[in-house]
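Trainee: any chance you could fold what I've pasted below:
(chains A and B)
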Amino acid sequence: MYVSPVREPLISGEKSYTKVTEDIYAPMTGKPGKAWYAGLTLALLALMFGMFSIFVTVWDGIGTWGLDRTIGWGWGITNFVWWVGIGHAGTFISAILLLFRQKWRTSINRSAEAMTIFAVMCAGLFPLIHMGRLPLGFFIFPYPNTRDVWVNFNSPLLWDVFAISTYLTVSVLFWYMGLIPDIGTIRDKLVPGIKKKIYGFLSFGWTGSARHWARHESMSLILAGLAAPLVLSVHTIVSFDFATSVIPGWHTTIFPPYFVSGAVFSGFAMVLTLMIITRKAINLEDYITKTHLESMNKIIIATGSIVGIAYITELFIAWYSGVVYEQYAFVNRAFGPYWWAYWIMMTCNVITPQLFWIKKIRRSFAATFVISIFVNIGMWFERFVIIVTSLHRDFLPSSWSMYTPTWVEVGIYVGTFGLFFTLFFLFIRFFPVIAIAEVKSVLKTSAEKFIKKGK
Amino acid sequence: MQEKTYVSGYFPDDKDLIVAIKELQEKNVAITDVRTPFPVHGLDTVLKMRRSRLPRAGFIAGVIGCAIGFGFQAWVFTEAWPLNFGGKPFMSVPSFIPVTFELTVLFAAFALVFGFLMRSNLGPGSDNIIFDEEVTNDRFQILLEADGNADSLQESLQSVGALGVQLHEVKS
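Mentor: Reported below is the predicted structural model:
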């Protein structure tokens, strides 16, 4: 087996196959700690507050939000785009990095994919809620009806429905197919009883047969090949929601690549924020090492720099186009009433991630944790800037307006955090957080035990 | 009720497994199944497995999804309810691309996943027999179906260095 003389081991701590199983199974056994209960309670409280806010929106109407006739999209769509963006890391890691044969993905792909699914679930709520009347969501599906009309397939908002529901479905399939061998491992570790029966049911009768593995591999590879353009298509289509309109600041051809790299950027930041805590909380330090951190930070710096270039290109093109409305929109972004949002975005997305050029910083868990939170904040403000500052100066100065969210909008946002973390806490308790079989398959070429032997 | 007899043995390492399989094949022992905790590369060639036809199934389903997606949109906008958008053509192909692409991927993904599950007899409530619960942990198991020759099979497994050689009787 080829062992690289230069690369650092991906899995430290001289692991054997059994040790891998035990380490990843350990957090699922015994009583969960106090921190887990506290976290879950907090998440559930946030979720309930969010549900109450949604109730208020539906009961009293969309008038409970801070929107007006000028600013029709506020926090609702900002949060939608933000959550969809976060949902880009998981499938990027498991599909695109699989196609590029990046072995370090094996330690993080499972949890990143789970985060993807949860984030897309949070995102999917907003388009429904912001209609104000939930049953209207029914009209976006093309179904034969008594009025004999179909949906408008020329609308990017409809493409969004198809893109996001396909993305969620394919991500769930991909994630669960990767999960069944590991659920099989958990099933075989359990003593006979009700729990073993449940995991047995969920494992779909996995045996580990060579024929199954061969098919599983061929399926995973092609699913990855399909999921890779799918990831890119989702945020491209989300960006069409803006780019195909005629609002200065939105009507930009640069949007698709700019949104996709921004999405991967923010997704990786969220995965880093959570994994840095999780690895400590459930003792996975040997599996998620500084090498993983460095690899992820390199992707952060690449995508972050693309986002930075996109910001500057937008400014240049606004000047170069000679369109006064476009020029005003961008000057207003930087120096108008929402200047603070623009400069938070610039600082958090363009400046702080550049610190990762320094090796010490990109290999430090503490520094990465702080910068990843900055990125999360910055990317939220990016969407806020694009949506609110482009809208608040209407074509008619008499319609100019300012936007402040009400507690109801904030409540719904808090509620999606509650949903995300509730699901995440349940996931780390009841499912293997790391892809056991995949880690075992890279052990011989990338684990400390074998690399030492190789020398 | 038919009774089937299986003989199994395991190896702690995948390299030993492949060597042992080759030795068994030289002795003309038919290998029923090999079970491993993770995909072992090279096993498919050693076991002379046929290449999976899943990619083909995925491709065909993708083509169907593509045709349905494009055909439906084209039908809606030219036949069922042509809408005039500022004098633009009814058959506006570029704006059909996103939905067509998503349906292509969706159909292909479903075909791949369900094809995999059905061909492998996996799924909720599947009753595949697990001979050794350590296989999903760290054992690389060879499984041989005995036809009255269980003793000789056990011997040949032991001779290639398999550990924990056992007899399993299964009612099916």
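
Trainee: now the chain, which segments are flagged as low pLDDT?
Mentor: Chain wasn't specified; assuming chain A. Low-confidence segments of chain A, defined by pLDDT under 70: A:1-6, A:445-455.

Trainee: right idea, wrong chain: chain B
Mentor: Screening chain B residue by residue with the criterion pLDDT under 70, one finds the ranges B:1, B:172.

Trainee: pick out the residue of it closest to chain A.
Mentor: Residue nearest to chain A within chain B: residue B:126 (2.8 Å; C-beta to the nearest C-beta). From N, CA and C alone the C-beta is placed, and that goes for glycine too.

Trainee: isn't that residue up against residue A:202?
Mentor: No: under the criterion of C-beta atoms under 8 Å, residue B:126 is not in contact with residue A:202, lying 11.0 Å apart.

Trainee: contacting residues around the helix or strand in which residue A:98 is found?
Mentor: Taking DSSP states H and E as the criterion, the element that holds residue A:98 is helix A:97-99. Contacts with helix A:97-99, where a contact means C-beta atoms under 8 Å, 6 or more residues apart in numbering or on different chains, come from A:104-105, A:109, A:220-221, A:224-225, A:228.

Trainee: could I get the full set of strands for chain B?
Mentor: Taking DSSP state E to define them, one finds strands in chain B at B:3-11, B:33-35, B:140-146, B:163-171.

Trainee: which helices and strands does the last one pack with?
Mentor: Contacts defined by 3 or more C-beta pairs under 8 Å, 6 or more residues apart in numbering or on different chains; DSSP states H and E place strand B:163-171 against strand B:3-11, helix B:150-159.

Trainee: out of those, deepest packed?
Mentor: Here the criterion is mean neighbour count by mean count of other C-beta atoms under 10 Å in any protein chain shown, and of the helices and strands packed on strand B:163-171 the winner is strand B:3-11, at a mean of 20.

Trainee: between strand B:163-171 and that strand, find me the angle.
Mentor: Using axes from the mean of the first three to the mean of the last three C-alpha atoms, to 10 degrees, the direction of strand B:3-11 lies 160 degrees away from that of strand B:163-171.

Trainee: out of the contacts of helix A:97-99, who has the most neighbours?
Mentor: Note: the member of these with the most neighbours is residue A:109, at 27 neighbours, neighbours being other C-beta atoms under 10 Å in any protein chain shown.

Trainee: how near is that residue to chain B?
Mentor: Plainly put, residue A:109 is 14 Å away from chain B if you go by C-beta to the nearest C-beta, to the nearest Å.

Trainee: picking that back up, give me the number of residues near the residue of chain B closest to chain A?
Mentor: 16.

Trainee: ok, residue A:372 to chain B distance?
Mentor: Spatial separation of residue A:372 from chain B under the definition C-beta to the nearest C-beta is 30 Å.

Trainee: before we move on, the earlier item: Serialize the helices and strands packed on strand B:163-171 to a markdown table and add fields for distance to residue A:366.
Mentor: Rendered in a markdown table, the data for the helices and strands packed on strand B:163-171 read as follows (distance: least, C-beta to C-beta, whole Å):
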| stretch | distance to residue A:366 |
| --- | --- |
| strand B:3-11 | 44 |
| helix B:150-159 | 54 |
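
Trainee: what comes into contact with stretch B:117-124?
Mentor: By C-beta under 8 Å, 6+ apart, the residues outside stretch B:117-124 that reach it are A:180, A:201, A:204-206, A:209, A:211-212, A:215-216, B:54, B:116, B:128.

Trainee: hmm, try it at 10 Å
Mentor: With C-beta atoms under 10 Å, 6 or more residues apart in numbering or on different chains as the contact definition, stretch B:117-124 has outside contacts at A:177, A:180, A:184, A:201-207, A:209, A:211-216, A:219, B:52-54, B:57, B:114, B:116, B:126-128.

Trainee: could you list the domains of chain B?
Mentor: As recorded under automatic domain parsing, the domains making up chain B are B:3-37+B:135-171, B:54-119.

Trainee: excluding covalently adjacent residues, which one is nearest to residue A:13?
Mentor: Distance criterion C-beta to C-beta, 6 or more residues apart in numbering or on different chains; nearest residue to residue A:13, sequence neighbours excluded, is residue A:286 at 3.8 Å.

Trainee: and what about the one you found, helix, strand or coil?
Mentor: For residue A:286, the secondary structure call by DSSP: H, G, I helix; E, B strand; the rest coil comes out as coil.

Trainee: and the residue of the stretch 1-150 of chain A nearest chain B?
Mentor: Distance from chain B to each residue of the stretch 1-150 of chain A (C-beta to the nearest C-beta) is smallest for residue A:17, at 3.5 Å.

Trainee: thought that residue was touching residue A:442?
Mentor: No: Residue A:17 is beyond contact range of residue A:442, at 11.9 Å (criterion: C-beta atoms under 10 Å).

Trainee: residues contacting residue A:56?
Mentor: Contacts of residue A:56 were listed using C-beta under 10 Å, 6+ apart, and they are A:64-65, A:406-408, A:411-412.

Trainee: quick one: which of these is nearest chain B?
Mentor: Distances from chain B to the contacts of residue A:56, taken as C-beta to the nearest C-beta, are shortest for residue A:412 (26.9 Å).

Trainee: am I right that residue A:214 is in contact with residue B:51?
Mentor: Yes: assessed by C-beta under 10 Å, residue A:214 is found in contact with residue B:51 at 8.6 Å.

Trainee: sorry, back to before: from residue A:26, how far off is the residue nearest to residue A:13?
Mentor: Using C-beta to C-beta, to the nearest Å, one gets 12 Å for the distance from residue A:286 to residue A:26.

Trainee: which one's more surrounded, those two?
Mentor: Between residue A:286 and residue A:26, counting by other C-beta under 10 Å, residue A:286 is the more crowded of the two (20 against 12).

Trainee: can you pull the contacts of that one?
Mentor: Residue A:286 sits in contact with A:9-15, A:19-20, A:23, A:107, A:279, A:447-448, where contact means C-beta under 10 Å, 6+ apart.

Trainee: by neighbours, which of these wins?
Mentor: The member of the contacts of residue A:286 that has the most neighbours, counting by other C-beta under 10 Å, is residue A:11 with 30 neighbours.

Trainee: tell me the secondary structure at the residue in chain A positioned nearest to chain B.
Mentor: The shortest separation between chain A and chain B is 2.8 Å, found at residue A:205 (distances taken as C-beta to the nearest C-beta). For residue A:205, the reduced secondary structure class is coil; criterion used: three-state DSSP.
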